[in-house]
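Q: When you get a sec, could you give me coordinates for this:
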Amino acid sequence: MVHVNKVHSVSTIALVARKLGEDKDWLADLALGMDPEDGLTWVFSPDHEDGLMAFTPDGVENLVALIADNRE
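A: As a prediction, this is how the structure comes out:
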């Protein structure tokens, strides 16, 4: 059986932070414990050779749960 990647889009940490009204650096610190299985991925480009943190739709949901856990 061949694994098929079903991710159709990702959102950068900056976009997620803006949509959630959160600080980008704080979210990045929270997300450092996430794995690709949690919906965290890295996007590389000529302008960002070191990569940009990005999230699948499931990754955004997992990040929102991390936010809630860290606010309790």
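Q: Now do the buried residues in stretch 6-21.
A: V10, S11, I13, V16, A17 (16 or more other C-beta atoms under 10 Å). Where you see a C-beta, it was placed from the backbone N, CA and C, and this is true even at glycine.
Q: Could you tell me which of those are located in strands?
A: Among these, the residues falling in strands (DSSP state E) are S11.
Q: ok, G51 - contacts?
A: W42, V43, F44 (C-beta atoms under 8 Å, 6 or more residues apart in numbering).
Q: what does I67 give?
A: L20, E22, L27, L30.
Q: Which other helices and strands does the strand or helix carrying the third one contact?
A: It stands for L27. Here L27 sits within helix 24-31, counting by DSSP states H and E. Packing contacts for helix 24-31, counted by 3 or more C-beta pairs under 8 Å, 6 or more residues apart in numbering; DSSP states H and E, involve helix 13-20, strand 48-55, helix 57-71.
Q: So what's the model's average confidence on stretch 57-72?
A: On average, the pLDDT along stretch 57-72 is 93.
Q: May I see the buried residues of it?
A: For stretch 57-72, the neighbour count (16+ other C-beta under 10 Å) marks G59, V60, N62, L63, L66 as buried.
Q: The first one and M34 touch, don't they?
A: Translated: G59. Yes. G59 lies in contact with M34 (C-beta atoms under 8 Å); the separation is 7.0 Å.
Q: Show me the common contact partners of these two, please.
A: Joint contacts of G59 and M34 (C-beta under 8 Å, 6+ apart) are L40.
Q: do you know how far the residue most central in space within the chain is from V64?
A: Residue closest to the average C-alpha location in the chain (C-alpha atoms, centre = their mean): F55, at 3.0 Å. Using C-beta to C-beta, to the nearest Å, F55 is found at 10 Å from V64.
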